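**Q** here is a sequence with its predicted model. Questions after.
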Amino acid sequence: MSPSLPLRLIRRSTRALRMRLALWFEPPARAILSAAFLGLASAANAIYWTSSACFDATGSAVPAHLFLVFRVSPVLCETLTKTPPWVLLSGMVAAPSILLTWYWRDRKRRDDHRLAVEAGIAERYTRTTEMLGATDQMTRINGLFSLWDIARESTGHRETVFRTLAAFVRVRSQVSDEPNDDPLKSTDPQADVQAAVTLLIDAQWSEPEWQLEGAADLRNSNLRRVDFARGYLARAKFGGADLRRANLSGANLAYSNFDAALLDGAVLDGAELDGASLLNTALRKASLCGAAMTRAELAGSDLPGADLHGARLDWADLNNTTFDGATLNGATLDSASLVGASLVGANLIRASLRRANLQTAVLRDANLMYANLQGADLRSADLRGADLKGAELTGAVLDDPKLAGVDLGRPSSPGEAVVAVDPVDPVDPAADEPIPRC
């Protein structure tokens, strides 16, 4: 016999005993044992005092305190004398074992049922993923809805299902080799790809407990014209994806990554993009009306002709970003950084740029009527041909700006330092013109 065999047997026996004790002393078992032993002790105590009272009743006088407490009658004493309480005591001693046996059997039955259900779901998941690779489109769509059913039935498989849906979209839609082709000529997305996206976003939006941040990894995917409207896609990954003409209106895209993505002509009206990364992203003629983009990063991005009226870009990183011809009427860019940004011909009517950093920014021919530029840094900014009528420039830093042809709403003498612009002209209809809603 090997000298280590006894040691292994001891260890195995110790492990089995530890597991048995763990079962005995888990919360439900502890409750059963405590109740049983408490009942046993109470019964034994009652029998003892009743027997003492009966002995006194058959012999000497009954003590006054026992008579008042127990009210023992001769009939009860005679019954206890003919039928000893051992049967009752034996039943109470056996009660804990009976209750624990019932509990363990019930627990094993529930565990076996849970394991059988999980095994069945795992088998269904395997068959469903095989359906996703079928050549027939309807078979793939049926597989997608089967995955959604699995996510509803099993919380443990929910994240796996969502990541499988995202992987299906990535595999079925690859980025086009022609990044500069006309997005207007692009065709609608495939039905199975749109179905996968719909399930991915609708499930998380309709069921708050299903919301999994970062579950959507759609990098380098061809998602042209795909509908993501009102979807929950927080911390999603869209880096390098082709989202031209896609519909992302009202979607929750907080802290998502769109670096180097193509979003030309995309609709992001009312989208939540707080903290999102859109570095070097193409957003030509995109619609971001009313979008929330606080602390978003758009450095180096292209937004010529984009519609951002009413958008919130507080504390956003907009360095070297192109906004030529963009609409930012009523937008909020307080404390935003626009160093080196190009806003040639941009419309910023009644935009808020308080404490914004516009050093070396190009604002030629920009419309800044009634804009709020309090405390803005406009050093070395190019404001030639800009319209600043009614703008608020109190506290703005204008160290050597290019002001040739600037319309300040009043004549200015050569070399005059611009500190503040005259108040709004009450007869100017543009002063009260409402900013259009999305």
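**A** Structure's in. What do you need?
**Q** rest of the way, CA atoms for contacts and neighbours
**A** Will do.
**Q** was I right to think A282 contacts G300?
**A** No. Applying Cα atoms under 8 Å as the test, A282 and G300 come out as separate, 9.3 Å apart.
**Q** who has more neighbours, these two?
**A** Shown here are A282 and G300; by other Cα atoms under 10 Å, A282 has more neighbours (27 against 20).
**Q** contact partners for that one?
**A** Contacts for A282 (Cα atoms under 8 Å, 6 or more residues apart in numbering) come out as 260-264, 301-303.
**Q** swap the cut-off to 7 Å and go again
**A** Applying Cα atoms under 7 Å, 6 or more residues apart in numbering, we find A282 in contact with 261-264, 301-303.
**Q** farthest pair in those residues?
**A** A261 and L303 (12.6 Å; Cα to Cα).
**Q** quick one, helices of this structure?
**A** Applying DSSP state H to the chain gives helices spanning 5-24, 27-58, 64-70, 74-82, 86-132, 137-153, 158-172, 191-206.
**Q** where among those is average confidence lowest?
**A** The stretch with the lowest average pLDDT out of those is helix 64-70, scoring a mean of 43.
**Q** quick one: L333 and D314 touch, right?
**A** Yes. The criterion here is Cα atoms under 7 Å, and L333 meets it with D314 at 4.7 Å.
**Q** between the two, which has more neighbouring residues?
**A** L333 (27 against 23).
**Q** ok, now how distant is that one from L353?
**A** 5 Å (Cα to Cα, to the nearest Å).
**Q** show me the domain layout of the protein.
**A** Listed domain ranges for the chain are 5-120, 288-438 (source: automatic domain parsing).
**Q** what sits against H309?
**A** So H309 contacts 289-290, 327-331 (Cα under 7 Å, 6+ apart).
**Q** ok, now with 10 Å
**A** By Cα atoms under 10 Å, 6 or more residues apart in numbering, the contact list for H309 reads 269, 287-291, 326-332, 347-349, 351, 435-438.
**Q** and the nearest residue to S146 once chain neighbours are set aside, what does it touch?
**A** Excluding its sequence neighbours, the residue lying closest to S146 (Cα to Cα, 6 or more residues apart in numbering) is T128, at 6.5 Å. When contacts are counted by Cα under 10 Å, 6+ apart, T128 touches 122, 139-140, 142-147, 150.
**Q** select only the buried ones of those in PyMOL?
**A** This is the PyMOL syntax for the buried subset of the contacts of T128, where burial follows 16 or more other Cα atoms under 10 Å:
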select buried, resi 139+140+142+143+144+146+147+150
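**Q** for the contacts of T128, which two are the farthest from each other?
**A** Among the contacts of T128, A122 and T139 lie farthest apart (Cα to Cα), at 19.4 Å.
**Q** quick one: the closest residue to A316 other than its chain neighbours from G395, how far?
**A** Excluding the flanking residues, the one nearest A316 by Cα to Cα, 6+ apart is R295, at 4.1 Å. Between R295 and G395 the distance is 24 Å, computed by Cα to Cα.
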